[in-house]
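Student: okay, predicted coordinates and the sequence, questions at the end:
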Amino acid sequence: MMDGMTDIRTAHTSDLTGKELTAIRALMDDAFEGDFSDDDWDHTVGGMHALAREDGELIGHGSLVQRRLLHGGRALRAGYVEAVAVRADRRRQGVASAVMEALERVLRDGAYEVGALGAADEAVPLYEGRGWQRWRGPSSVVSPQGLQRTEEEDGCIYVLPLSAALDLDGALACDWRPGDVW
């Protein structure tokens with residue numbers, strides 16, 4: 001369990017220093033074992049960040065960026081969770097939960113209709129334990145070539161309903177971006 005010396009700070013990308021951004025990128029590269037691309041980094045910035053620090057060192061991170069999701073004939077303002085990671089020696093101690101709690105506070109501030117994220121298998125218990133719900137319906141992306149199915153993402157997308165009525169068995173599409181679209 002996290003001790004009282006861990007500090008969680010939320011800040012917009014524009015309020016982070018170059019040193020903080022470098023530390024976040026290094027944490028991502030380490031946590032994702034070199035499988036964190038420049039596109040992944042681009043998806044991480046431009047929104048709100050939750051930074052977990054202990055004794056001044058970054059031990060955890062998550063970010064929340066705005067995206068558009070299409071569902072039920074509507075374009076929904078979504079707060080999309082990106083780049084949740086915890087330093088290896090601090091995993092399973094409540095750091096990721098504290099990061100998610102901070103991001104969920106931002107989600108619930110009224111700016112978004114739904115929270116969404118793409119979950120790695122090992123992170124599913126964290127998200128489900130926090131009330132996130134697995135999207136059961138088909139997923140797609142609104143690409144430059146039109147609507148395209150993303151079958152490989154089916155079952156990996158989680159949502160946190162806020163003000164929008166959602167049919168978890170219905171179709172869900174995200175806006176296009178380079179790299180991983182979900």
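Tutor: Sure thing, it's come through.
Student: contacts, neighbours, all on C-alpha from now
Tutor: Will do.
Student: and the residue nearest to the spatial centre of the chain, what are its bridge partners?
Tutor: With distances taken as C-alpha atoms, centre = their mean, residue 81 lies nearest the centre of the chain, 1.6 Å away. Beta-bridge pairing for residue 81 (DSSP bridges): residue 64.
Student: contacts only, for it.
Tutor: Under the criterion of C-alpha atoms under 8 Å, 6 or more residues apart in numbering, the contact list for residue 81 reads 62-65, 103, 115-118.
Student: over to residue 140?
Tutor: Going by C-alpha under 8 Å, 6+ apart, the list of residues near residue 140 reads 147-151, 171-174.
Student: how much space separates the residue lying farthest from the centre of the chain from residue 156?
Tutor: In the chain, the residue that sits farthest from the middle, by C-alpha atoms, centre = their mean, is residue 145; the gap is 25.7 Å. Shown here: residue 145 relative to residue 156, a distance of 23 Å by C-alpha to C-alpha, to the nearest Å.
Student: in this structure residue 116 contacts residue 80, no?
Tutor: Yes. The pair formed by residue 116 and residue 80 meets the contact definition of C-alpha atoms under 8 Å, at 4.9 Å.
Student: might one say that residue 59 is in contact with residue 53?
Tutor: Yes. Judged on C-alpha under 8 Å, residue 59 makes contact with residue 53 at a distance of 5.4 Å.
Student: okay, the residue nearest to the centre of the chain: pLDDT?
Tutor: The model reports residue 81 with a pLDDT of 98.
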